[in-house]
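Participant: fold the following and give me the result.
(2 chains)
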Amino acid sequence: MNSHRIIVTVIGKDRVGIIASVSAELAQAGANILDISQSVMDEFFVMIMMVDIEHANIPFGELKSRLNSKGDGMGLRIEAQHEDVFKFMHRI
Amino acid sequence: MSTSRYSPQEIIETIRMVQMENLDIRTITMGISLRDCAHPDLAVAATKAYDKICRVAENLVRAGEEIALQYGIPIINKRISVTPIALIAESSDADSYVLMAEYLDRAAKQVGVNFIGGFSALVQKGMTRGDTVLIASIPEALATTDRVCASVNVGTTKAGINMDAVALMGRTIIETARLSASQDGVGCAKLVVFCNAVDDNPFMAGAFHGIGEPECVINVGVSGPGAVLRAIEQQGCADFGALAATIKRTAFKITRMGELVGRAASGKLGVPFGIVDLSLAPTPALGDSVARIIEAMGLERIGTHGSTAALALLNDAVKKGGAMASNYVGGLSGAFIPVSEDIGMIEAASMGALSFDKLEAMACVCSVGLDMIAVPGDTPAETIAAIIADEAAIGMINRKTTAVRIIPAPGKQVGEMVEFGGLLGRAPVMAVHRESSRQFIERGGRIPAPLQALNN
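Facilitator: As a prediction, the model looks like this:
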């Protein structure tokens, strides 16, 4: 990985406290949110965060599984992937 | 830096391709040269090969798992290909190379890969003693090992077709089926007979590490029939130009994932990145079918009239899109149409819409050929050989790779099912022509290289 940026994607039914909850999880891990955008697509709430994990206090795999289980608890799908996946697929 | 670099649509598209359309990296295959493992004592050669594979591929599986985690893209298989074993083992005077297969099997289990390819011989123009011993060892080697895959190249455009080897492979396939009769002849699912075999194919069962390859290399095979299917469905009744353009765009995106993963694996393992194979490879899973793509183009069932044209369009568009997406493209690079590994093919064959002869026609315009086809267990060896000869002729004349992976299912008749399980899937036993090919096959010798070979 050349950069330390990951994309966190939250997909599901909109409800109170999604951003707060995901942000808290990231803050606890020492991961810095660089940008947030949200929109509604096909009736689903979609939140996309770009997150810098250079100074995170847990490994990426651990953060990813914490976010996954946070999502499970809220009835949301939360994914974390390295930024390069999107760079490679959508930018030449 | 802002997420505005990527639109929500782009991010959702990627996630949907992976989570709903089965986009995955089908295999990371590490090619390992065993040329330095030859020894007059086969047991020593086998030990050297085992030690080298375990050393070089020690971190392959872990690296694959780490990459899958980082990028959120499943990497289904981690595999190894080695130098054709006939080249390594023939330094010994052993009369059987089964011992070598057993060591390869143990090495595969030790490093955690699910297949190891390269129990192979290249005999397009003739056979050395080592080639003869290797081919004679194939039935037992495949019956006594779990993860070893064998392949034999019987023809090339440059050399013509070695019909003695073709006849021998007909008998070898029958014997391989017999020795694995308790599992519907599954040994034959691990045996490929090639014309114009390639040196850098990452897909099993036909992978081997060619003699022009470096010491060690990473090759990647991607797969995304589901993503292509959805793109076509969204196009509605677009004309063929628009259809091809859609497939190209999707193939580009799929192949970029292969390029990303290949580079990452290469970097992690400190091994050169060889190629991305652009093949569109199905699995028996729902939504992972090449047949469904053909049907989505407007054909009621794959196998009906129009299937060959549809497959030609698909195959070409996948290559055009994929070629732009990777620095190094290689391997087989074409759509696979295995019967047992594709739910749409299984259905079409079961209901009689897809015949053996149509499969042969479709093999002319895509990758590989007659793949994972079950035929009656009492099919004569000469008929199997003649099937191989037909397919090799298509490859020889059209300067393309063709292959036969056929399973004469012991004790089974047309219409019965054979079950291989897992990625190998299940297949209905298909009818073959009952008229004899024996006298043709018994002629022996070589079919001369065609005019296509004289291009210097």
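Participant: so what's residue 29 up against?
Facilitator: Using chain A here. A:53, A:56-58, A:62-63, A:66 (CB atoms under 8 Å, 6 or more residues apart in numbering or on different chains). Every C-beta, even on glycine, is put in place using the N, C-alpha and C of the backbone.
Participant: nope, chain B
Facilitator: The contact partners of B:Thr29, by CB under 8 Å, 6+ apart, come to B:77-81, B:117, B:202-203, B:207, B:218-221.
Participant: with neighbour count and secondary structure added, can I get the residues you listed in JSON lines?
Facilitator: Compiled in JSON lines, the contacts of B:Thr29 are given as follows (neighbours: other CB atoms under 10 Å in any protein chain shown; DSSP: H, G, I helix; E, B strand; the rest coil):
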{"residue": "B:Asn77", "neighbour count": "19", "secondary structure": "strand"}
{"residue": "B:Lys78", "neighbour count": "24", "secondary structure": "strand"}
{"residue": "B:Arg79", "neighbour count": "29", "secondary structure": "strand"}
{"residue": "B:Ile80", "neighbour count": "27", "secondary structure": "strand"}
{"residue": "B:Ser81", "neighbour count": "30", "secondary structure": "strand"}
{"residue": "B:Gly117", "neighbour count": "30", "secondary structure": "strand"}
{"residue": "B:Pro202", "neighbour count": "32", "secondary structure": "coil"}
{"residue": "B:Phe203", "neighbour count": "26", "secondary structure": "coil"}
{"residue": "B:Ala207", "neighbour count": "33", "secondary structure": "coil"}
{"residue": "B:Ile218", "neighbour count": "25", "secondary structure": "strand"}
{"residue": "B:Asn219", "neighbour count": "30", "secondary structure": "strand"}
{"residue": "B:Val220", "neighbour count": "30", "secondary structure": "strand"}
{"residue": "B:Gly221", "neighbour count": "29", "secondary structure": "strand"}
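Participant: which of these sits closest to chain A?
Facilitator: B:Val220 (12.8 Å; CB to the nearest CB).
Participant: which residues touch that closest one?
Facilitator: So, once contact is read as CB under 8 Å, 6+ apart, B:Val220 ends up touching B:25, B:27-29, B:202, B:258-259, B:261-262, B:265, B:275-277.
Participant: can you do 6 Å?
Facilitator: Remark: with contacts taken as CB atoms under 6 Å, 6 or more residues apart in numbering or on different chains, B:Val220 is in contact with B:28, B:258, B:261-262, B:276.
Participant: okay, now the unreliable bits of chain A?
Facilitator: A:1-2 (pLDDT under 70).
Participant: up against chain B, what does it have?
Facilitator: Contacts of chain A with chain B, taken as CB under 6 Å from any CB of the partner chain, map to A:9, A:34-35, A:37, A:39, A:46, A:48, A:50, A:61, A:79, A:81-82, A:85-86, A:88-90.
Participant: and these, which of them are buried?
Facilitator: A:9, A:37, A:46, A:48, A:50, A:79, A:81-82, A:85-86, A:88-90 (16 or more other CB atoms under 10 Å in any protein chain shown).
Participant: for the residue lying closest to B:Phe356 once chain neighbours are set aside, grab phi and psi.
Facilitator: Distances taken as CB to CB, 6 or more residues apart in numbering or on different chains place B:Met430 nearest to B:Phe356, at 5.2 Å, with adjacent residues excluded. Main-chain torsions, B:Met430, degrees, to the nearest 10: phi -100, psi 150.
Participant: domain ranges for chain B?
Facilitator: Using automatic domain parsing, the domain parsing of chain B gives B:29-195, B:224-445.
Participant: excluding chain neighbours, give the residue nearest to whichever residue of chain A sits closest to chain B in space.
Facilitator: Residue nearest to chain B within chain A: A:Gln81 (3.7 Å; CB to the nearest CB). Once flanking residues are discounted, A:Gln81 sits nearest to B:Gly72: 3.7 Å by CB to CB, 6+ apart.
Participant: using PDB, list the CA coordinates for stretch A:51-60.
Facilitator: C-alpha atoms of stretch A:51-60 as PDB (Å, rounded to 0.1, in the frame of the first residue of the first chain):
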ATOM      1  CA  VAL A  51     -10.000   7.800   6.300                       C
ATOM      2  CA  ASP A  52      -6.300   8.100   7.000                       C
ATOM      3  CA  ILE A  53      -5.100   5.200   9.000                       C
ATOM      4  CA  GLU A  54      -1.400   6.100   9.100                       C
ATOM      5  CA  HIS A  55      -1.500   6.700  12.800                       C
ATOM      6  CA  ALA A  56      -4.100   4.200  13.700                       C
ATOM      7  CA  ASN A  57      -3.500   2.300  16.900                       C
ATOM      8  CA  ILE A  58      -4.800  -1.100  15.600                       C
ATOM      9  CA  PRO A  59      -4.000  -3.000  12.400                       C
ATOM     10  CA  PHE A  60      -6.300  -2.500   9.300                       C
END
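Participant: any residues touching that stretch, and which ones?
Facilitator: Counting by CB under 6 Å, 6+ apart, A:4-6, A:8, A:29-34 sit against stretch A:51-60.
Participant: any idea how far that stretch is from the chain center?
Facilitator: Centroid displacement of stretch A:51-60 relative to its chain, using CA atoms, centre = their mean, to the nearest Å, is 12 Å.
Participant: now do the buried residues in that stretch.
Facilitator: A:51-53, A:56, A:60.
Participant: hang on, the earlier thing: how near is the residue nearest to B:Phe356 to chain A?
Facilitator: 39 Å (CB to the nearest CB, to the nearest Å).
Participant: surely that residue and B:Asp357 touch.
Facilitator: No. Applying CB atoms under 6 Å as the test, B:Met430 and B:Asp357 come out as separate, 10.1 Å apart.
Participant: the more surrounded of these two?
Facilitator: Using other CB atoms under 10 Å in any protein chain shown as the criterion, B:Met430 and B:Asp357 rank with B:Met430 on top: 20 against 13.
Participant: what about B:Asn153, which SS state?
Facilitator: strand (DSSP: H, G, I helix; E, B strand; the rest coil).
Participant: check the burial of it by counting its neighbours.
Facilitator: 26.
Participant: identify the bridge partners of it.
Facilitator: Residues found in beta-bridge contact with B:Asn153 (criterion: DSSP bridges) are B:Leu122, B:Phe194.
Participant: residues touching it, list them.
Facilitator: Contacts of B:Asn153 (CB under 6 Å, 6+ apart): B:122, B:124, B:194, B:197.
Participant: in the residues you listed, which residue is surrounded by the most others?
Facilitator: Of the contacts of B:Asn153, with other CB under 10 Å as the count, B:Phe194 tops at 29 neighbours.
Participant: what residues does the stretch 201-350 of chain B have near chain A?
Facilitator: Residues of the stretch 201-350 of chain B lying near chain A (CB under 6 Å from any CB): B:253, B:256, B:260.
Participant: what strand or helix carries the second one?
Facilitator: Using DSSP states H and E, the secondary-structure element containing B:Arg256 is helix B:240-269.
Participant: just checking, next helix/strand downstream of that helix?
Facilitator: Trace forward from helix B:240-269 with DSSP H and E and the next one is strand B:273-277.
Participant: just the CA atoms from that next one would do, formatted as CSV, please.
Facilitator: Output of strand B:273-277 as CSV, limited to C-alpha atoms (Å, rounded to 0.1, in the frame of the first residue of the first chain):
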residue,chain,number,x,y,z
PHE,B,273,4.7,-10.0,-11.8
GLY,B,274,4.1,-12.0,-14.9
ILE,B,275,0.7,-11.6,-16.5
VAL,B,276,-3.0,-11.0,-16.0
ASP,B,277,-5.1,-13.7,-17.7
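Participant: so what touches the helix or strand following it?
Facilitator: Next helix or strand after strand B:273-277 toward the C-terminus (DSSP H and E): helix B:290-296. Outside helix B:290-296, the residues that touch it by CB under 6 Å, 6+ apart are B:225, B:228-229, B:232-233, B:280, B:282, B:302, B:307, B:310, B:314, B:335, B:342, B:344-345.
Participant: of all those, which two lie farthest apart?
Facilitator: Using CB to CB, the contacts of helix B:290-296 reach their maximum pairwise distance at B:Glu233 and B:Met345, which is 18.9 Å.
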